[in-house]
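Q: Got a predicted model here, sequence first, then my questions.
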Amino acid sequence: MLHYATLAGVVAAGLAVTPAYAQSQDTILLGAAVSLTGKYTTNGEHTQRGYDLAVKKINEAGGVKVGDKSYKLQIKYYDDESTPARGAELAERLIHQDGVKFMLGPYSSGMTKAIAPVTEEHKVPMVEANGASRSLFTNGWKYIFATLSTSEQYLASAVALVAEKAKDLGKEAREVKVALAFENDPFSQDVRAGVLEDMKKFGMEVVIDDQLPRELNDMTATLTKAKALKPDMLIVSGHSKGAATAIRQISELKVKVPVLALTHCDAADVIGQFGEAAEYTLCATQWAPTLAYSDDLFGSAADFAKLFEETYG
C-alpha cells in the first residue's frame with residue numbers, strides 16, 4: 001500500500017516540475033515493462049495487477065491533483081519476457097516512442113537493474129516495488145524510488161531464530177550446518193550475501209553452497225547432497241518458481257531437514273499448491289495483511305488484502 005501512495009506522490013512531484021506536459025494532457029501516461037512471459041510470469045502478473053488496482057483506486061478517487069487540476073492515470077504495458085536486455089529496450093521504447101514521463105518498475109532486481117540506467121539517462125522517475133537488491137540503492141541513482149526492505153535483510157531473522165533455538169537441535173549455534181541454494185541473479189545473490197554475513201556472526205558452517213539451475217525447475221543435485229550431508233538448515237532463494245520447485249522436490253525426494261527457509265512463499269502460493277508439504281517452512285515477506293498502517297485510499301492492510309482478493313480471486 002505504501003508504494004501506491006508513493007506512486008501518486010512521485011507523479012505529482014514530477015508534474016510540478018514539468019508544467020508544459022501537465023498543461024497539455026488530462027491523462028498521465030505511465031510506462032511499465034513487466035514479465036508476462038518467461039520464468040517470472042507469476043510475479044509479473046502480480047505486479048501488473050497491483051499497478052492496475054492502484055490506478056483504478058486513484059482514478060476513482062479523482063486522480064492526481066496538481067495545483068487546481070486533477071489528472072487521471074493510465075498505464076502502457078509491454079512484456080519484458082523476463083529478460084533484462086528486453087526490459088531495457090522496452091524502457092527506451094516507452095520513453096522515446098510512447099512519450100512516457102514516469103515509469104513503474106518491472107519485477108525482480110535484475111530487471112530493475114537493467115531498466116534503471118535508461119530512466120537515469122533520460123531523467124525519468126521510476127517507482128518500483130519489486131527490486132530489493134541493495135546494489136540498486138548504493139550506486140547514486142537519483143530517479144529510482146522504492147518502499148521495501150533490501151534483500152540482504154530477507155532471511156536474517158530465520159538465521160537468528162536457528163541460532164537462538166540451536167539447543168533444541170542438540171547443538172551450539174556454531175555447530176549448526178547450513179545448506180544454501182540460490183538463483184544466480186542480483187536479488188538472490190544479495191540474499192545469499194546477507195545470510196552468509198548473519199551466519200558468520202554465529203559461527204555456523206556452510207556445507208552446501210549451490211546455484212539453482214537457470215530455469216529454476218530442478219534442484220535434485222542439491223537435495224541429493226542434502227540427504228547425504230544432513231544439514232540442520234536449508235535456505236533457498238529463487239523467486240516464485242524456485243520456491244515452488246523447492247517445496248515440491250523436497251516432498252517428492254523425502255528430504256528431511258529440521259529447518260527450511262525460503263523467499264517468495266506467498267507469491268508462489270506454496271500453501272495453496274502443496275498443502276501439508278509446505279508446513280513449518282520459514283518464509284520471508286515484504287508485506288502482510290496484519291500490518292498496522294493504513295491510508296485514506298485503501299484503508300487498512302487487511303482492507304487492501306480483501307480488495308485484492310475480491311478483484312482477482
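A: Alright, I've got the coordinates.
Q: Tyr107 reaches Leu36, doesn't it?
A: No: in this structure, Tyr107 is not within contact of Leu36 by C-beta atoms under 8 Å, at 9.8 Å. Just so you know, the C-beta spots here come from the backbone N, C-alpha and C atoms, and that holds for glycine as well.
Q: more crowded one of the two?
A: Tyr107 (32 against 18; other C-beta atoms under 10 Å).
Q: how deep is Ile75 tucked in, by neighbour count?
A: Neighbours of Ile75 under the rule other C-beta under 10 Å: 18.
Q: what secondary structure does the nearest residue to it once chain neighbours are set aside sit in?
A: Distance criterion C-beta to C-beta, 6 or more residues apart in numbering; nearest residue to Ile75, sequence neighbours excluded, is Leu30 at 4.8 Å. Using DSSP: H, G, I helix; E, B strand; the rest coil, the secondary structure recorded for Leu30 is strand.
Q: how many neighbours does Leu30 have?
A: Leu30 has 23 nearby residues by other C-beta under 10 Å.
Q: What residues does it make contact with?
A: Applying C-beta atoms under 8 Å, 6 or more residues apart in numbering to Leu30 gives the contacts 11, 51, 55, 73-76, 100, 102-104.
Q: What strands line up against the helix or strand hosting Ala261, and which way round?
A: Using DSSP states H and E, Ala261 sits within strand 259-263. Applying DSSP bridges, strand 259-263 is found paired with strand 233-237 (parallel), strand 282-284 (parallel).
Q: Most tightly packed of those strands?
A: strand 233-237 (a mean of 27; mean count of other C-beta atoms under 10 Å).
Q: how near is Val259 to Glu252?
A: Separation of Val259 from Glu252 (C-beta to C-beta, to the nearest Å): 20 Å.
Q: before we move on, what about Gln189?
A: In this view, Gln189 and Glu252 are 27 Å apart by C-beta to C-beta.
Q: out of the two, which sits in the busier spot?
A: Shown here are Gln189 and Glu252; by other C-beta under 10 Å, Gln189 has more neighbours (20 against 11).
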